[in-house]
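# got a sequence here, can you build the structure:
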Amino acid sequence: MKISKHLTSRLAIILCTTFTLSAFAQQQPYEYPPTLLDELKQLQKATLASDYAYQQLAHLTNNIGPRLSGSLQAQAAVEYVAAEMRKAGCEVTLEKVMVPHWVRGIETGELVQFPGQAAKTTQKIVLTALGGSVATPAEGLTAEVIVVENFAQLKALGRDKVQGKIVLFNAIFDERLAAQGEAGVAYGQAVAYRGGGASAAARLGAVAALNRSAGTGGMRMPHTGALNYAPDAPQIPAAAVTAEDADLLAYLSAQGNVQMHLTLTPQTLPDAESYNVIADLKGTEHPEQIIIVSGHLDSWDLGTGAIDDGAGVVVAMAVVNAIKQLGLKPRRTIRVIAWMNEENGLRGGRTYAKDYAAQTANHLAAIESDLGAGHPIGFTGHVSANTLTMLQPLAQVLRSQGASIVRRVDESPGADISPLDALGVPTFAPMQDSRTYFHYHHTPGDTLDKVKPQELAENAALMTVLAYTIANLPEALSR
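Residues are numbered from 1 along each chain as shown. Now for the predicted structure:
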């Protein structure tokens, strides 16, 4: 999951029109053919009972592993998903995407001077390089650490107090917001310092930048993620420190001079050739009309990318698997896309939108899952009010699994589908319980055991009935 205004808006789930069954009841009802309702219930039941998605996720995470763009594992994942979709009866194409190829190297930090230090000792700082970071000198660098809570505090210090220093942005993730179901709001607040901290510090002469990990959970796990170097600032090394180590640095620096030795040796290699996996289950009546179901295949390299975003990929794969297993026939084409390079470039989504720009009128909807695999309570959509009315009977079907809430949002609810959204394609995403998502997001803890098989199946069921509904409605969704 990358940082973008689209992502932050989706995660925040702020927007603004919420429809439940009672609200739908006040509108002119939209009726589905009895056959469609019956097929939706069959699909829901079959998907909820299936372990297909979980078994696919187990292979992606345990057998293939982390899938950072440009890596051998990312290529293996492309080949695996393409083969599995051919087995499911899809027409598969690989869309070439040139992706960034950033490789993590050595990453160490230690305090070599600090108040109260015992003679001949140092303190280890647990950190991880941010995606796209430049390297320190090979032997590392040593500098004083100064701690600020926000950009305003940094600016107030001025160049005289920042030049030659390592700046730590100690912006605390608001766990109360996360516990209240607003994890995306908290993430949006904290991640600003991961994205823009290095350039802000570099403009004032800092030699490196650190940010308190943008996430919850503690357990002394650092959260990586992409940074954004601004064109008007020098590029300096950047890393995320654990919440515990950020607290330590703040405590010690308040007492006096703190010196850190920081070594980061990442490399940015030439762009690598990779692919979006595109798998079509052709429609019987309008094969030219397309409904996308998707997740992103790349992941960060600290964990194995189970919740971010192997879960989204396998849920999309489960859509066509369920339809084929039941022998059902979508009227319109359902297209599975495993996007490449969401995390540190969004090249897959942008390439697809460019390659298919002339066909966007026939893209009736794009659905993306990229918020883990927690229990879904419904879905969001950047759609017209009339579209929500057309989806009323679907909400009734989803009510049986506790997923009947639909929210209209004012931007694309998914990063990879945001370029299509900008071209006018209606976009959707599951609305999931994200209260613990940021415990593991972009950390070594993003592994298969964090996914509950039944909740993954619930997500597959939601995406399946949503996609099949749009594919089989008597008329296309409104724009």
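
# which parts of the stretch 301-450 of the chain are strands?
Assignment of strands within the stretch 301-450 of the chain using DSSP state E, counting those that start in this stretch yields the ranges 332-339, 363-368, 376-382, 405-408, 427-432.

# I'd like those strands written out as a markdown table, with mean neighbour count added.
(Glycine included, C-beta is placed from N, CA and C.) Converted to a markdown table, the strands of the stretch 301-450 of the chain look like this (neighbours: other C-beta atoms under 10 Å):
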| stretch | mean neighbour count |
| --- | --- |
| strand 332-339 | 27 |
| strand 363-368 | 27 |
| strand 376-382 | 24 |
| strand 405-408 | 21 |
| strand 427-432 | 28 |
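
# please, which helix or strand holds the residue nearest to Ser253 when sequence neighbours are not counted?
With C-beta to C-beta, 6 or more residues apart in numbering as the criterion, Ser253 has its nearest non-adjacent residue at 4.8 Å, and that residue is Val147. Val147 belongs to strand 141-148 when elements are defined using DSSP states H and E.

# what is that strand packed up against?
Contact partners of strand 141-148 among helices and strands, from 3 or more C-beta pairs under 8 Å, 6 or more residues apart in numbering; DSSP states H and E: helix 151-162, strand 166-169, strand 208-212, helix 243-253, strand 259-264.

# which residues touch the helix or strand just after the third one?
On the C-terminal side of strand 208-212, the closest following helix or strand by DSSP H and E is strand 238-241. Residues external to strand 238-241 that are found in contact with it (C-beta atoms under 8 Å, 6 or more residues apart in numbering): 107, 109, 125-130, 133, 168, 194, 197-198, 208-214, 222-225, 227, 249, 262, 264.

# switch the cut-off to 6 Å
125, 127-130, 133, 198, 209-211, 213, 222-223, 227 (C-beta atoms under 6 Å, 6 or more residues apart in numbering).

# do the same with stretch 273-285
78, 81-82, 85, 90-95, 97, 99, 320, 329-340, 348, 352.

# same thing but 7 Å
Stretch 273-285 is contacted by residues 69-70, 74-75, 78, 81-82, 85, 89-99, 289, 297, 320, 323, 329-341, 348, 351-352, 471 when judged by C-beta atoms under 7 Å, 6 or more residues apart in numbering.

# name the residues of it that come out as buried.
Neighbour-count burial for stretch 273-285 flags 274-283 (criterion: 16 or more other C-beta atoms under 10 Å).

# if we can go back for a sec, just send the contacts of strand 238-241 back as CSV, with distance to Ala403 and neighbour count too.
Shown next, in CSV, are the contacts of strand 238-241 (distance: C-beta to C-beta, whole Å; neighbours: other C-beta atoms under 10 Å):
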residue, distance to Ala403, neighbour count
Ile125, 43, 24
Leu127, 39, 23
Thr128, 35, 26
Ala129, 38, 25
Leu130, 35, 30
Ser133, 39, 28
Ala198, 40, 32
Ala209, 41, 28
Leu210, 40, 32
Asn211, 35, 31
Ser213, 31, 33
Pro222, 34, 26
His223, 28, 33
Leu227, 35, 26
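
# what is the nearest of the residues you listed to Tyr52?
Relative to Tyr52, the closest of these is His223; by C-beta to C-beta it sits at 30.4 Å.

# who's in contact with the residue nearest to Ser253?
168, 170, 249-250, 253.

# ok, Leu57 next?
Residues in contact with Leu57 (C-beta under 7 Å, 6+ apart) are 306, 310-311, 314, 448, 451, 456.

# what about it, distance to Asn63?
Leu57 sits 11 Å away from Asn63, going by C-beta to C-beta, to the nearest Å.

# Pro237 now?
For Pro237 relative to Asn63 (C-beta to C-beta), the value is 34 Å.

# likewise for Leu297?
On the measure of C-beta to C-beta, Leu297 and Asn63 end up 14 Å apart.

# what's the answer for Ala272, then?
For Ala272, the distance to Asn63 - C-beta to C-beta - is 22 Å.

# of the two, who's got more company?
The neighbour count for Ala272 versus Asn63, taken as other C-beta atoms under 10 Å, is higher for Ala272 (16 against 12).

# checking my notes, that one in a strand, right?
Yes - assessed by DSSP: H, G, I helix; E, B strand; the rest coil, Ala272 belongs to a strand.

# that one is in contact with Leu72, isn't it?
No - using C-beta atoms under 7 Å, Ala272 is not in contact with Leu72, being 10.2 Å away.

# identify the contacts common to those two.
In contact with both Ala272 and Leu72: no residue, using C-beta under 7 Å, 6+ apart.

# what's the spacing between the closest residue to Ala254 other than its chain neighbours and Val320?
Closest residue to Ala254 apart from its sequence neighbours, by C-beta to C-beta, 6+ apart: Val147 at 7.9 Å. Counting by C-beta to C-beta, the gap from Val147 to Val320 is 51 Å.

# A strand includes Asp298, no?
No - the assignment for Asp298, made by three-state DSSP, is coil rather than a strand.

# thought it was touching Ile64?
No - counting by C-beta under 7 Å, Asp298 sits too far from Ile64 to count as a contact (11.6 Å).
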